[in-house]
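> Quick one, what's the 3D model for this:
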Amino acid sequence: MRRMMFTYFTSNPSSRALCSPMLLSTFSHFSLFHMAANMYVLWSFSSSIVSLLGCEQFIAVYLSAGVISTFVSYVAKMATGRFEPSLGASGAIMTVLAAVCTKMPEAKLAIILLPMFTFTAGSALKAIIAFDTAGLALGWRLFDHAAHLGGALFGMWYVTYGHELIWKNREPLVKAWHEMRTKNTGKGGGGRSN
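This next block holds a predicted model:
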């Protein structure tokens, strides 16, 4: 199992499997603490992002964010020549966090063990981006700072522009898909009729 997990559930641009780990590594974690921390942050922001986007759009954005943040990580690893494997949901979670903080910059946030210290979501986003930019520039290796930045930038872009460009213009594509399926059903294409 270890070889399969390492090949398909960790992302690394020097691996023999490049595409599937871009998504699958989003669902693997190094330890129980790593998974718990990521899931706590996702849970904290999930109700806000679902109320902004809806369930279906949230799932589409989250899965896309996993791939996009891994791609940004690949680019950074190729540029720096550092090929350590990465895993975890933090790039996709950064998309969720950045999207919520961009849409609700005045929302009050707090750190789990220090609830007496509050700050705005906008300030939190700026601090996280500054931290990950410094980590990327200085070569810190504790986190995949490139994946975090890629996720954050995708989240900010999506709630600002992407929603209008992609989600609201999906109708012609969906209509063309249904028409294509309907034509193929009559020609013995193996499709189901609705």
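> State the mean pLDDT of stretch 32-49.
Mean per-residue pLDDT for stretch 32-49: 91.
> to the chain's geometric centre, what's the distance from stretch 24-35?
A distance of 14 Å separates the centroid of the chain from that of stretch 24-35, by CA atoms, centre = their mean, to the nearest Å.
> Kindly report the same for stretch 49-62.
Chain-centre distance of stretch 49-62: 12 Å, with CA atoms, centre = their mean.
> Check stretch 59-77 too.
Going by CA atoms, centre = their mean, the spacing between the C-alpha centre of stretch 59-77 and its chain's C-alpha centre is 6 Å.
> Beyond the top strand by length along the chain, next helix or strand please.
Assignment by DSSP state E gives strand 114-120 as the longest strand of the chain. Reading on from strand 114-120 to the C-terminus, the next helix or strand found by DSSP states H and E is helix 121-138.
> Could you pull out the buried residues of that next one?
Counting neighbours by 16 or more other CB atoms under 10 Å, one finds that the buried residues in helix 121-138 are 121, 124-125, 128-129, 132, 135-136. Heads up, the C-betas are built off the backbone N, CA and C, glycines and all.
> Could the C-alpha coordinates of that helix be exported in PDB?
Extracted C-alpha coordinates of helix 121-138, given in PDB (Å, rounded to 0.1, in the frame of the first residue of the first chain):
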ATOM      1  CA  ALA A 121     -10.800  38.300   7.800                       C
ATOM      2  CA  GLY A 122      -9.200  40.800   5.400                       C
ATOM      3  CA  SER A 123      -6.200  41.200   7.800                       C
ATOM      4  CA  ALA A 124      -6.000  37.500   8.200                       C
ATOM      5  CA  LEU A 125      -5.800  37.000   4.500                       C
ATOM      6  CA  LYS A 126      -3.100  39.600   4.100                       C
ATOM      7  CA  ALA A 127      -1.000  38.000   6.900                       C
ATOM      8  CA  ILE A 128      -1.400  34.500   5.400                       C
ATOM      9  CA  ILE A 129      -0.400  35.700   2.000                       C
ATOM     10  CA  ALA A 130       2.600  37.600   3.400                       C
ATOM     11  CA  PHE A 131       3.700  34.500   5.400                       C
ATOM     12  CA  ASP A 132       3.500  32.100   2.400                       C
ATOM     13  CA  THR A 133       5.200  34.600   0.100                       C
ATOM     14  CA  ALA A 134       8.000  34.900   2.600                       C
ATOM     15  CA  GLY A 135       8.200  31.100   3.000                       C
ATOM     16  CA  LEU A 136       8.400  30.700  -0.800                       C
ATOM     17  CA  ALA A 137      11.000  33.400  -1.200                       C
ATOM     18  CA  LEU A 138      13.100  32.300   1.700                       C
END
